[in-house]
Structure formats: structure tokens, C-alpha cells
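[1] Just to be clear, the model below is a prediction. Sequence and coordinates:
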Amino acid sequence: MSTVSVTNLKHESASGNNITLDSNGRVGVNNASPAYQVDVVRSGGGTDVVRVKGDAGNAFVRFEDSDASAQYTVGADDNGPTGSGSFVIYDRTTSTYRWRLDAAGRVTTPYQPVFSAYKNTGLITTTGTIVFNVASVNVGSHYNTSTGVFTAPVSGVYGLNFFILAQASDNWDIRLYKNASVYPDFDIRCNNNAVASNLTTGGNIVVSLAANDTMSIKVDYLPSGDIYAFGLNGFSMWLIG
């Protein structure tokens, strides 16, 4: 097969539509001075500029970096896990659907970091990190059920929720820790000496974390008595964006 080299080609059809190939290898459609590798300007009104239509139920556009370490296809998918009429981002390197918009308009991000954990046995009788040792959800395994510590996989804004049940007539101080420091303005203290019944407490907060920042919940003060940190008591976090 022979190779043809073309430089500074400009073709004008009978209808007046122009295709230009400049000396830098850039192609212009209805654009005599393309600023990008392919630069298309629509003519004749309307809104759609480019259509990609498949012949086997799907139609994808592929994006690949120079060393092929990142390869993604974006487009319409009739055969994926969300069924006919889905718009998806598909990771070709790992053969994984990363983002989906189904025909009903529902968006799913199956690899978005999130966990929800609880403690299934034992009272808390000493100070230290509360280890919620059972994770009902742990996408990405970023929460450690052995240490009670969540490690942020990416920089972003995260939601956090927890709740604890304390026995009657107990005193305690629970704090949220970011890395090795107390998180500002998040300190729950209880003087329960005069209360004859158990006390449930908790909190919700939004935190900004860098990649590899850690979050945990610690008991800083527990002079006597116990905290029920099992059953319905729990700790959860999720990436908001």
C-alpha cells in the first residue's frame, strides 16, 4: 500500500462546504483556519455538530493518552448493566463501567468512595479510637475495620455521620480526629450523672480532605462507666465531590 502525503490542501465541494488540511496536519470542516487537530464549524443551522452512530447497538468515542495507560470510551450503550439507552463512561484498560446515565435519567457512580460501619460487640470502657469493626458498605475498602480509621483516596469534600449510645449516669467526651489532630469545633461532651436513662448522641458534618488524610472518632474522656458502641451505633463517610 502506498502512502500519500498531502500539504496545504483545500477542497471546496459544489455546495460550498469546505474541508481544509493545513501545513500542521489540522483538519477544518467549514473552517479555513483550524485551531485544533479537527475543527468543525456547523453550517445550515441546527444545533448538533457531530453524530456518531453505531451499527451494533452501541456507539462510542474513544479517548486515549499518548502511552495508552488511560483509555476511555464515552457514548451510547445498549448492552451494559443499565440496559438499553444508557450513556456511559467505560474504562477500556480495566474493562469497567465507571459512570452511567440510564434511560430514566438516573446517574450511578459505582466506584464512588463510601462506607458505613458499626460495632457488633463490646462496650467502650477506655479512651482511644472507637473501632466500628463491621462494615456493611465499604466501596474501595478505604475504611479499616481493624483500626477504625478512614483514609481519603482522593482530595474532595466528604460527608460524615456517627451516633453513639451511652449508659445512664456516665460522663464522657467524644471528638472527631483529622489525621492526628482534633477536628475544630466538633467536640461532644456528656455529663449524664443526673440522667436515669441511656443517652443517644451523634453528629453530621461536611469535611474537606486531601488525598491520604484520615478521619476517626475517639473517646478522649471516660473517667468511669461505659459507652454502648455496638448494635445500632455507627460511623459512615462518603465522597460528595
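    Arrived safely. Numbers count the residues shown, from 1 in each chain.
[2] center of this structure, which residue is that?
    Closest residue to the average C-alpha location of the chain: Gln112 at 3.3 Å, with Cα atoms, centre = their mean.
[3] May I see the domains of this protein written out as residue ranges?
    Here the domain assignment for the chain is 9-40, 59-108, 114-239, based on automatic domain parsing.
[4] Nearest spatial neighbour of Tyr221, chain-adjacent residues omitted?
    Asp173 (3.4 Å; Cβ to Cβ, 6 or more residues apart in numbering). The way it works is simple: take the backbone N, C-alpha and C, and place the C-beta from them, glycine included.
[5] you'd agree the one you found is up against Phe186?
    No: when contacts are counted by Cβ atoms under 8 Å, Asp173 is not listed as touching Phe186 (11.6 Å).
[6] before we move on, back to that, what residues are bridge-paired with the residue nearest to Tyr221?
    Counting by DSSP bridges, Asp173 forms beta bridges with Arg189, Tyr221.
[7] any idea how far it is from Gly45?
    The spacing between Asp173 and Gly45, counted by Cβ to Cβ, to the nearest Å, is 68 Å.
[8] if you count what's nearby, which of those two comes out ahead?
    For Asp173 versus Gly45, the count of surrounding residues by other Cβ atoms under 10 Å is larger for Asp173: 16 against 5.
[9] Name the next helix or strand downstream of the helix or strand bottoming out on mean pLDDT in the chain, please.
    Every helix and strand of the chain was ranked by mean pLDDT, DSSP states H and E. The lowest is strand 9-12, at a mean of 50. Reading on from strand 9-12 to the C-terminus, the next helix or strand found by DSSP states H and E is strand 18-21.
[10] Does that following strand pack against any helices or strands, and if so which?
    strand 9-12, strand 27-29 (3 or more Cβ pairs under 8 Å, 6 or more residues apart in numbering; DSSP states H and E).
[11] now the nearest residue to Met215 once chain neighbours are set aside: how far from Asn144?
    Nearest non-adjacent residue to Met215, counting by Cβ to Cβ, 6+ apart: Phe150, 4.8 Å away. Distance, Phe150 to Asn144, by Cβ to Cβ: 8 Å.
[12] ok, these two, which is more surrounded?
    Each of Phe150 and Asn144 has its neighbours counted (other Cβ under 10 Å); Phe150 has more, 24 against 18.
[13] What pairs with the helix or strand in which that one is found, parallel or antiparallel?
    In this structure, Phe150 is located in strand 149-151 according to DSSP H and E. Looking at strand 149-151 with DSSP bridges, its paired strands and their directions are strand 143-144 (antiparallel), strand 214-221 (antiparallel).
[14] Just to check, Ser69 is in contact with Thr93?
    Yes: in this structure, Ser69 is within contact of Thr93 by Cβ under 8 Å, at 7.2 Å.
[15] Looking at those two, which is more packed in?
    Applying other Cβ under 10 Å to Ser69 and Thr93 shows that Thr93 carries more neighbours, namely 11 against 8.
[16] Count the neighbours of Val38 for me.
    There are 11 residues near Val38, going by other Cβ under 10 Å.
[17] What separation do you get for it and Gly159?
    41 Å.
[18] Okay then, goodbye and thanks.
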